[in-house]
Every structure is written in structure tokens, then in C-alpha cells.
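Peer 1: Need coordinates for the below:
(chains A, B, C and D)
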2 protein chains.
Amino acid sequence: MTKLEEFLSSLETSDTPDQVQKLVESLRDIYGVTNAIYHAVNLDGAPYAALTYSPEWMDHYQAQKYVQVDPVVRGALQHFHPMDWKRLDWSSKGSRSFLGEATGAGIGNQGLSIPIRGPNGQFALFTVNHECSDREWEVFSKEAKRDMMLISHFLHQQVVKIVMPDGPRQYERLSPRETDTLKYLAVGLTRGQIAEKLQISEHTLRVYIDSARFKLGALNTVHAVATAYSRGLITF
Amino acid sequence: MTKLEEFLSSLETSDTPDQVQKLVESLRDIYGVTNAIYHAVNLDGAPYAALTYSPEWMDHYQAQKYVQVDPVVRGALQHFHPMDWKRLDWSSKGSRSFLGEATGAGIGNQGLSIPIRGPNGQFALFTVNHECSDREWEVFSKEAKRDMMLISHFLHQQVVKIVMPDGPRQYERLSPRETDTLKYLAVGLTRGQIAEKLQISEHTLRVYIDSARFKLGALNTVHAVATAYSRGLITF
DNA sequence: TGGAAATTCCCCTAAAATAGCGAGGGTTAA
DNA sequence: TTAACCCTCGCTATTTTAGGGGAATTTCCA
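Peer 2: A predicted model of the protein is given here:
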């Protein structure tokens, strides 16, 4: 039984946050790394975390608002592939002071972070980090990278199942015209321009905006466009 | 050498669209399926496709605007995990007529589709489909699912490298205040409400909207929020 | 230390958004 | 067939936002 299968088999039986926490700890032990971190930014509005960092470091991280300077987070939002920490941009002043404190807090000097993106604006970050030499890390990285990619995916999947047991909410569908309207609004066209593009009166266009807003439960146009985008109803 | 490694090794040497096309065809042959399809909705604004469907079917698909009724596409936008076609919602009238035409066009009755989400609103869909019995498909599905997940990831990664060789564009960063402002705008708050929340005057708030709009190259507020969201600068 | 950026404040007018009232014809599904 | 939804258009009214100016701090980075 491979490490990956060992982990995935225990994953399936984990259906409470406590068990997920234990899972992340077991992951750390199975792969022999210093820390393993799963952190979802936005699951049904609330954040979610399961990690092996010390509570002190977490408090400090939050108090200092490190999420704003943490190059891992910033990199994750802009990248697709797993990121080796060595390749991130640690140049800014904030990053460097953060790095100093992080190494002081027992966080490995090596790390691999995997961005996870789901529907409805879901975004999560899965990280393993380790205290070791560059050469050791290279070996580990090469061996375990694909495992980590799959693990990050399945772990997120499982967390979503726990946090939102009813599955993806079935939202009301938008009509083609409503979709068109929101799509054009999202790229910055004015009502007049969109009406012309769709060959309808500006007033009719307004009806679509209104009905889309109503269906999406949005407070205003900006909210409607943002909501439609986050639900995957429109794409750029 | 496993099938996966066989594919990934040829992936690395493919750095033109033509070679990617060949790659997808070789993928079909390596795994012995009827079709393999990679389709990116939004890479740098333009779509991208590499697939083994006949040109006739593609033309027909586009002419009929099937993308609007295709349950695979709709499901992909709402799901995270690989989707078995059997579990999709084929109930609507449009879906059923689409299904009829698709099976007539030599598209397998079984399929697995994997949504791929990247930064900056990247969205792609990787699909393999096959003409076979439920039992055969179950065996294939169990064996190859993880391979497909990794392949979809690496394939997208490679396509991005080809289409955008300069890597992720380095956009101008937003200041914390600008980020806050856009975040609150995205959830439907009015300027007055946001100003109150941030304890600043409404006029000041406007400066942030303006500067954010300018930095993002957005035509108006809606555009700015949509752009910020798609670039991962704000999250819900 | 000097300049760039961030943060804060203000006025103005035209445009857009929101809300309310209406109407008619077409398609679809129960 | 009837109800529900989609697409289309008209009018009025109020509130809010957009975007054009200008200007003062502080904070941060080179």
C-alpha cells in the first residue's frame, strides 16, 4: 500500500472537522514533513483550516495580518501549479520580516504550496513544509509532488462535503439574455452600449439587470455581476 | 513505464499548439478511449481547444450554440471533482436533443470531465469519453481517474506556458484600502455603507474606487470589481 | 533623505441605478 | 389549456454613483 493510498483510505472515513485535523497530522507523519496545512479561504462564506502549526504562531500570524504580506498566499492567488517556496518572491520588506519570524516559529525552510480553486469562488491552499537541505528537499519534492496534488484535491473535496453536506446549492438559472447582460456589464460596457450590442432598447436591458439581480438575490448591479461570476454563471 | 509517465514525458516536449493536438490524440490512443478533449474557455481572453472530435461535429456544436445547453459544461462550472457523465442532469429538453445528436456523431456514451480552474479567471475542461458498457467504464474509471486528474492539470499548465510564455502578467498591486473597498463593493454594499464600515468619508472612499479602477485598467466600477475578482485580488 | 505612494478630505454636474406603474406576444412544461 | 417564464417596449420619479476637478497629510521604499 503506497503512502498515497494509505492517506486516501483514511480520508474517506473522516467526516468531522476533528477527524480532518487528525488527518492532516497523519499526513505530516506519513510523508515525514515538518508541517502540513490546509486552509480554505471561502467555504460557504466562512474560512476553514486544518494544520499542524502551533496555536501561538497562528495567533501571531493573524494579529500581524501576515496574510497580506505572506508571499505564499500572494503567489497562490496568481499561480496554478504547485509552488516551491524557493521560487517565490521574498523581496519586499514585509515578506522578509515575515520570513524571519516564520523560521523562528519552527516552520520549515522548504515548502510546497498548492492552490485549489473550486466553484462559487472557493479558494484553498494546501501546503507541506519541511526543515531540511536543498538536496533532500529536491528528492522529496520530486517523489511526492504528484501525491500532494492529488491529496490537495481530495482533501478539499472532503472538506467541502463536510462543510456543505447538501452539495452544491441549486441556484436559479439565468436566462440567456440575463447572462449576456451580466457578461457585458462585467467587461465594463454601459447600459447603452449593451442595449445596442444586443439590439434591444435600453429599457429592456434594464429589465434583464433587474431580473438577474432578483434571481441572484443581489443587492445591486455590482453585487449581481460579482455573484454571477463567483457562481460560474458567466466567464470572461 | 506507466501510461501516465508515457504521456507526461511527451508532454514536456510539446511546445506548439500542433504538438498539443498530437498529444491529445496520443492520449486517446494510450488510454484506449474514443475521444479526448481539452478546452480552455479563457486564456488571455481567447479560447483554446485540442480535441479528437470531428470538425463537422465541432461546427455543428458551435452553430447550434450547444455550449449553452451542454450539461457537461454547465456541470463543470458548478463542480470541483471529476464528473462522470452518468451523474449529470440530462433532464432538460435542450440537453436531451443535444444528447441525441452527440451519440449520433460518434461520441462515446460514457465520459469523465474534469474542470480546471486557474488564476485570472482561467477555466478549462478536460474530458475523455468512450463507447462501452457501464461495467467496462467502471473499471476504466477506477483505474484511470487519478491519472486523468493529473493529466488535466499538467496539460493545462503546458498550454498556459505555450499561450502565455511570459508567465503570469505582473499586474499592479492594489493597496489594502483599495482591496477592502472592492471587496465590500462586490458583496453589494453601497459607498455610504462602506465608508461607514471603514470609518472614512464617502469622498475618500471614492478616491479608492477611482484609483483601483485606474490600476486595473477598468472602464467603470462594475468592471473593476469583476476584474479584481478574476485576478484573485479579492475573494468572497 | 527625497520622491513616490497611500491615505484622507472637499465641490460639482451628468449619468446611471433603483423603484414603481404599465402592456403584449412567444415558448414551454405541467 | 393554463400557468410560468422569456423577450420586448413604454412612462415617471428619486436616489446614488461616476467621473471631472483640486489638495493636504503620512508612510514607505530606494
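Peer 1: The closest residue to A:Ala212 other than its chain neighbours sits in which helix or strand?
Peer 2: Nearest residue to A:Ala212 in three dimensions, chain neighbours excluded: A:Glu178, at 4.2 Å (CB to CB, 6 or more residues apart in numbering or on different chains). Glycine gets a C-beta too; all of them are placed from N, C-alpha and C. Element membership for A:Glu178, per DSSP states H and E: helix A:176-186.
Peer 1: does DNA strand D sit close to that helix?
Peer 2: Yes: counting by CB under 7 Å from any atom of the strand, DNA strand D has neighbours in helix A:176-186: A:Pro176, A:Arg177, A:Glu178.
Peer 1: Please save the CA atoms from that helix in PDB.
Peer 2: Presented in PDB, the C-alpha positions along helix A:176-186 are these (Å, rounded to 0.1, in the frame of the first residue of the first chain):
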ATOM      1  CA  PRO A 176     -29.600  33.700 -22.000                       C
ATOM      2  CA  ARG A 177     -30.400  37.400 -22.100                       C
ATOM      3  CA  GLU A 178     -29.700  37.800 -18.500                       C
ATOM      4  CA  THR A 179     -26.400  36.000 -18.900                       C
ATOM      5  CA  ASP A 180     -25.400  38.100 -21.800                       C
ATOM      6  CA  THR A 181     -26.300  41.300 -19.900                       C
ATOM      7  CA  LEU A 182     -24.200  40.400 -16.900                       C
ATOM      8  CA  LYS A 183     -21.300  39.300 -19.100                       C
ATOM      9  CA  TYR A 184     -21.200  42.600 -20.900                       C
ATOM     10  CA  LEU A 185     -21.600  44.500 -17.600                       C
ATOM     11  CA  ALA A 186     -18.700  42.600 -16.200                       C
END
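Peer 1: For that helix, buried residues please.
Peer 2: A:Arg177, A:Glu178, A:Thr179, A:Asp180, A:Thr181, A:Leu182, A:Lys183, A:Tyr184, A:Leu185, A:Ala186 (16 or more other CB atoms under 10 Å in any protein chain shown).
Peer 1: One more: stretch A:51-61?
Peer 2: Of the residues in stretch A:51-61, those buried (16+ other CB under 10 Å) are A:Leu51, A:Thr52, A:Tyr53, A:Trp57, A:Tyr61.
Peer 1: Please identify which pair of those residues lies farthest apart.
Peer 2: Pairwise distances across those (CB to CB) peak at 13.8 Å, for the pair A:Thr52 and A:Tyr61.
Peer 1: just checking, what packs against the helix holding A:Glu178?
Peer 2: helix A:191-198, helix A:202-216, helix A:221-230, helix B:221-230 (3 or more CB pairs under 8 Å, 6 or more residues apart in numbering or on different chains; DSSP states H and E).
Peer 1: In CSV: those helices, plus mean pLDDT and mean neighbour count.
Peer 2: Below are the helices and strands packed on helix A:176-186 laid out as CSV (pLDDT from 0 to 100; neighbours: other CB atoms under 10 Å in any protein chain shown):
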stretch, mean pLDDT, mean neighbour count
helix A:191-198, 85, 16
helix A:202-216, 88, 17
helix A:221-230, 88, 25
helix B:221-230, 87, 25
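Peer 1: quick check, stretch A:95-104 touching chain B?
Peer 2: No: residues of stretch A:95-104 contacting chain B under CB under 8 Å from any CB of the partner chain: none, with a closest distance of 12.7 Å.
Peer 1: starting at the chain centroid, how far to that stretch?
Peer 2: 23 Å (CA atoms, centre = their mean, to the nearest Å).
Peer 1: residues of that stretch that come out buried?
Peer 2: Quick answer for stretch A:95-104 (16+ other CB under 10 Å): A:Ser95, A:Phe98, A:Leu99, A:Ala102.
Peer 1: Just give the nearest non-adjacent residue to the last one, would you?
Peer 2: Taking CB to CB, 6+ apart, and ignoring the residues beside it in sequence, A:Ala102 has A:Trp57 as its nearest neighbour in space, at 7.9 Å.
Peer 1: Heading C-terminal from the strand or helix carrying that neighbour, find the next helix or strand.
Peer 2: Using DSSP H and E, A:Trp57 falls within helix A:55-63. Using DSSP H and E, the next helix or strand after helix A:55-63 towards the C-terminus is helix A:71-78.
Peer 1: returning to that earlier point: now the helix holding A:Glu178, how far from the centre of its chain.
Peer 2: 26 Å.
Peer 1: hang on, the earlier thing: quick one, what contacts the residue nearest to A:Ala102?
Peer 2: Each residue near A:Trp57 by CB atoms under 8 Å, 6 or more residues apart in numbering or on different chains is listed here: A:Ala102, A:Ala105, A:Gly106, A:Ile107.
Peer 1: which other residues reach stretch A:141-153?
Peer 2: For stretch A:141-153, using CB under 8 Å, 6+ apart, the contacting residues are A:3-4, A:7-8, A:27, A:31, A:38, A:82, A:84, A:112, A:114, A:116, A:124, A:126, A:128, B:81, B:146, B:149-150, B:153.
Peer 1: ok, now with 7 Å
Peer 2: A:3-4, A:7, A:27, A:31, A:82, A:84, A:112, A:114, A:116, A:126, A:128, B:146, B:149-150, B:153 (CB atoms under 7 Å, 6 or more residues apart in numbering or on different chains).
Peer 1: Make sure A:Arg117 is actually in contact with B:Arg117.
Peer 2: Yes: with contact defined as CB atoms under 7 Å, A:Arg117 reaches B:Arg117; the gap is 3.7 Å.
Peer 1: Report how many residues lie close to A:Lys145.
Peer 2: A:Lys145 has 16 neighbouring residues, counting by other CB atoms under 10 Å in any protein chain shown.
Peer 1: Which of the residues in the strand or helix carrying it are classified as buried?
Peer 2: Taking DSSP H and E as the definition, A:Lys145 sits inside helix A:134-163. For helix A:134-163, a neighbour-count test (16+ other CB under 10 Å) marks A:137, A:140-141, A:144-156, A:158-160 as buried.
Peer 1: same question, stretch A:126-134
Peer 2: Quick answer for stretch A:126-134 (16+ other CB under 10 Å): A:Phe126, A:Thr127, A:Val128, A:Asn129, A:His130, A:Cys132.
Peer 1: among these, which are in helices?
Peer 2: Using DSSP state H, no member of the buried residues of stretch A:126-134 sits in helices.
Peer 1: Among the buried residues of helix A:134-163, which ones lie close to DNA strand C?
Peer 2: Counting by CB under 7 Å from any atom of the strand, no member of the buried residues of helix A:134-163 is near DNA strand C.
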